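Novice: 3D, please:
(one chain, ligands or ions: 1)
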Amino acid sequence: MAINKKTMQAKKKTAVKATKSTPVKKAVAKKVTQPAKQKQVEEEMLLQALRGMRDILPDEQPYWERARRVLTHAATEYGFSRIDLPTVEFAHLYLRSIGDGTDIIDKEMYLFNTRGGDKVALRPEMTAGLCRAYIEHGMGVLPKPIKLFSTGPVFRYDRPQEGRYREHYQANFDMFGESDAILDAQTVQLAFRVVQQLGLKNIEFQVNSIGTPETRKDYEKALVRYLESQKQKLCLKCRERLLANPMRILDCKEDKCIQLTAHAPQSLDYLDPDSREHFKKFLEYLDELELPYSINTRLVRGLDYYTRTVFEIRSTDKDGKNYSLGGGGRYDRLIEGLGGESTPAIGFALGLDRIVLEMKRTQVKPYHPPQPKVFLAQLGEMAKKKSLRLFSDLEKNGVLLAESFGRGSLKSQLRVANRLGVEITIIIGQKEALDETAIIKDMISGTQETVTQEKLVESVKKLLKANQVLTIKDGPRENRFSAADQEDED
Ligand code: HAM
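Specialist: From the prediction side, this is the model:
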């Protein structure tokens, strides 16, 4: 039975009562203040995942597997080294890098104190952790650019809905040590290559430049001046943002705020000459690559560490959800801000849950694992024992094979073999187990031969090769092992 959503839904909300007893306190020799009384506490245990978190069941894995393969292939092709980071870090790492007034810091972090009293957080993103690791391991001495690829779960306590989860998966590509605009274009090129290889169409890149923290001050003043006079029309949250972090108002999803900021001053008009030149070069490189992009002057991204280039990857399909499949930008000041040496950096993250949703929506083919061409069937206790070793011999020699060791009847095993559409079935019965032989049945021609177990690997490989040659010459061959044959064998 395939394990899928439906199967699981049947189990939904299975609640069981668990009885937990409170630990009995050790009685201290002199002063026994508490009677050693066992208190029964009844607790309801809900057998379901937490809201906004979910199991990715075997049914869905072929899409994830395709994504994983494309990502690791792209990382290798573009010279990225893999790095795995902890899921939990000191909370102040995020507080210092992501910025007050951002949704992540204000309301989405999973914060808690450890038993040792450390204030920690489940990572709400990976860039801060990456920079921490870069500084901690002195990566600055390595030849530049240092390219790092990381993937795994991140946690944001947001309002869950389709495409928005409290635990979601990201793949991050980041480059450290170079500030040239060509790296910005190369980053977008890589992101585009990945979404293309994933089979996604109708993808657009939105780009913008938000300059440096110094020039941003002038921009923020202009933005506040513009919005101050119409403050009453902003949502409550944005009225607070006006004081704490005005640029985040451009991120607000409330209609009234979107309308109000439609004609707000734009960061591009406040860029310093170097940032302006950087952006101009970046666009020239993108034009050269003929990548589909548009300038979105409202794009500021929801994290405070970005400088200059920011971008987002969006599906432009009108039937699709209008959410970002990925995003990133430059963060030239972050490493320095965290106490490292001044190091320019650029990167992006793809939201894998959304990528998979988009793959399914646009009917992209999932990954198909190679299918076994050989089945190993056994009959009787002695044959069963021998089969375990033979399976291992074949598998170690590169033969992809299937079995059904748990089944005793040959008929039911052959039914499995037939369903799998294998080319060869190896049969070990009582006699073969005693003689140290095996029957090799060619499921395509219907012929069979008996070989010694010593020669089994060699004979199977020879037959597979011969079948392959025939397939290439004559086109696909059919498995002619019929249901009637199975009856005979029983
Ligand atoms: P971000 O835009 O916050 O960037 O997240 C990256 C991607 O993660 C988003 O574009 C989206 O596809 C996905 N995502 C975000 N929140 C959720 C959610 N609640 N459920 C499902 N998917 C979600 C960053 O995290 C930056 N650290 C990216 C970066 C890397 N910048 C430089 N290097």
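Novice: From now on I want contacts and neighbour counts done on CA atoms only, so please keep to that.
Specialist: Noted.
Novice: residue ranges for the helices of the stretch 1-150 of the chain, please.
Specialist: 5-10, 61-77, 91-98, 103, 127-136 (DSSP state H, counting those that start in this stretch).
Novice: Check the stretch 151-300 of the chain too.
Specialist: With DSSP H, counting those that start in this stretch as the criterion, the stretch 151-300 of the chain has helices at 181-197, 213-228, 236-244, 255-261, 273-289.
Novice: Domain map for this structure?
Specialist: Listed domain ranges for the chain are 1-43, 61-211+271-361, 374-486 (source: automatic domain parsing).
Novice: Among those, which comes closest to the ligand?
Specialist: With C-alpha to the nearest ligand atom as the criterion, the ligand lies closest to domain 61-211+271-361 of those, at 3.2 Å.
Novice: just to revisit the earlier point, and among the helices of the stretch 151-300 of the chain, the most buried is which?
Specialist: helix 181-197 (a mean of 20; mean count of other C-alpha atoms under 10 Å).
Novice: about what we covered before: any chance of CSV for the helices of the stretch 151-300 of the chain, columns mean pLDDT?
Specialist: CSV is the format used below for the helices of the stretch 151-300 of the chain (pLDDT from 0 to 100):
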stretch, mean pLDDT
helix 181-197, 97
helix 213-228, 93
helix 236-244, 90
helix 255-261, 91
helix 273-289, 97
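Novice: still on that earlier bit, deepest of the domains of the chain, which one?
Specialist: Among the domains of the chain, domain 61-211+271-361 has the highest mean neighbour count (mean count of other C-alpha under 10 Å), at a mean of 19.
Novice: Quick check: the closest residue to Tyr78 other than its chain neighbours vs Arg115, distance?
Specialist: Leaving aside its sequence neighbours, Tyr78 sits nearest to Leu190 (C-alpha to C-alpha, 6 or more residues apart in numbering; 7.7 Å). According to C-alpha to C-alpha, to the nearest Å, Leu190 and Arg115 sit 42 Å apart.
Novice: All the strands of the stretch 301-450 of the chain, in order from the start?
Specialist: 307-315, 324-330, 345-351, 374-378, 401-403, 424-428, 437-442, 448-452 (DSSP state E, counting those that start in this stretch).
Novice: Point out the other helices and strands that the last one packs with.
Specialist: Think strand 448-452. strand 437-442 (3 or more C-alpha pairs under 8 Å, 6 or more residues apart in numbering; DSSP states H and E).
Novice: Mean pLDDT and distance to Arg51 added to the strands of the stretch 301-450 of the chain, as TSV?
Specialist: Formatted as TSV, those follow (pLDDT from 0 to 100; distance: least, C-alpha to C-alpha, whole Å):
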stretch	mean pLDDT	distance to Arg51
strand 307-315	96	26
strand 324-330	97	22
strand 345-351	98	19
strand 374-378	97	43
strand 401-403	96	38
strand 424-428	97	47
strand 437-442	96	52
strand 448-452	96	56
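Novice: Just send those back as a markdown table, with distance to Gln232 too.
Specialist: Shown next, in a markdown table, are those (distance: least, C-alpha to C-alpha, whole Å):
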| stretch | distance to Gln232 |
| --- | --- |
| strand 307-315 | 30 |
| strand 324-330 | 29 |
| strand 345-351 | 35 |
| strand 374-378 | 72 |
| strand 401-403 | 68 |
| strand 424-428 | 76 |
| strand 437-442 | 80 |
| strand 448-452 | 85 |
